[in-house]
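**Student:** Could you look at this predicted model? Sequence included:
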Amino acid sequence: MTAPPPTVVVDRREQAEAELAREIAALVRDRGRLVLGVATGDTPSGLYRELARMRREEGLDFGRVVAFGLDEYLGLAPDHPASFARQLRENVFEPLGIPESSRHVPGDAEGGDEYERRIRDAGGIDLQILGIGRNGHVAFNEPPTPRESRTREVRLHAWTREDAVPAFGSLAAVPERAVTMGIATILDARRIRVLAFGRRKSAIVARSLAGAIGPDVPATFLRDHPDLRVWLDRDAALELEPARRAGRS
Ligand code: PGA
């Protein structure tokens with residue numbers, strides 16, 4: 001049986017954001033050049049604010065950081081307010097000062113193979129920042145997704161589209177298709193760092209970290225990774241211990 005991944009439970013999400021920001025800052029300072037995989041959505045927003053604060057107040061220099069976005073809706077103008085390209089530009093690329101030539105988003109690539117090639121040419125992803133969707137997706141790898149999946153076009157799951165309604169104004173306006181890195185692409189990253197906060201993530205956190213590994217909960221595949229760390233706040237961790245105990249009995 002796979003050992004449970006290192007999981008850190010914090011009282012407030014800001015503690016997780018600060019810890020992960022310190023890890024990233026140390027890598028940026030030590031190595032200069034770092035290839036970062038960057039997630040969008042609410043979950044990593046505080047982490048990006050903390051990294052931007054470190055740049056402003058501590059002079060942390062992201063000038064040699066190369067960034068790869070995880071996923072993107074299909075059929076949106078790149079400047080659409082809900083597009084991940086725009087979210088990344090406004091919340092990550094600009095505030096951190098990542099050079100334009102080092103910014104990569106899947107919507108810009110000529111297909112999945114081209115995006116995979118860009119990641120390889122950059123030397124592979126050193127650290128991948130990830131959230132988990134309520135249905136167990138990571139990036140837009142909706143259930144069921146095989147472990148061998150690579151960057152490709154996908155159809156979005158009903159829950160994913162529902163969760164996106166606030167960003168689009170109505171369900172009808174939420175795109176049906178997207179492009180996403182695959183599970184195998186994500187597992188190639190040297191370090192994987194997952195954040196999950198809030199009561200609405202507690203059931204899927206328990207299934208992802210303590211349930212059977214397989215395509216029906218794509219996040220379970222992360223447990224095969226040799227350098228995975230997961231940060232949860234108390235609400236997101238609520239069902240994890242009971243699930244682990246049940247798994248052992
Ligand atoms: P969220 O999404 O950060 O908006 O909760 C996480 C995800 O779907 O990966």
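**Tutor:** Yes, it's here. Numbers count the residues shown, from 1 in each chain.

**Student:** Surely Gln210 touches Gly247?
**Tutor:** For the record, residue 210 is Ala, not Gln. Yes: Ala210 sits in contact with Gly247 when judged by C-beta atoms under 8 Å, with a separation of 5.1 Å. (Glycine included, C-beta is placed from N, CA and C.)

**Student:** more crowded one of the two?
**Tutor:** For Ala210 versus Gly247, neighbours defined as other C-beta atoms under 10 Å are more numerous around Ala210 (20 against 14).

**Student:** tell me which parts of this structure are close to the ligand?
**Tutor:** Applying C-beta under 6 Å from any ligand atom, one finds that the chain approaches the ligand through 41-43, 131-133.

**Student:** Please name the bridge partners of Glu153.
**Tutor:** The bridge-partner assignment for Glu153, based on DSSP bridges, gives Val179.

**Student:** by contact count, what packs against the longest helix along the chain?
**Tutor:** Residue-count comparison of every helix in the chain, with assignments taken from DSSP state H, identifies helix 13-31 as the longest. Using 3 or more C-beta pairs under 8 Å, 6 or more residues apart in numbering; DSSP states H and E, the elements in contact with helix 13-31 are strand 7-10, strand 34-38, helix 45-58, strand 127-130, strand 191-196, strand 228-233.

**Student:** Give the bridge partners for the residue most central in space within the chain, please.
**Tutor:** Taking C-alpha atoms, centre = their mean, the centroid of the chain lies closest to Leu130, which sits 2.2 Å from it. For Leu130, the beta-bridge assignment (DSSP bridges) gives partners Val194.

**Student:** That one and Pro44, how far apart?
**Tutor:** In this structure, Leu130 and Pro44 are separated by 8 Å, where distance is defined by C-beta to C-beta, to the nearest Å.

**Student:** what touches both of those two?
**Tutor:** Common contacts of Leu130 and Pro44 (C-beta atoms under 8 Å, 6 or more residues apart in numbering): Leu195.
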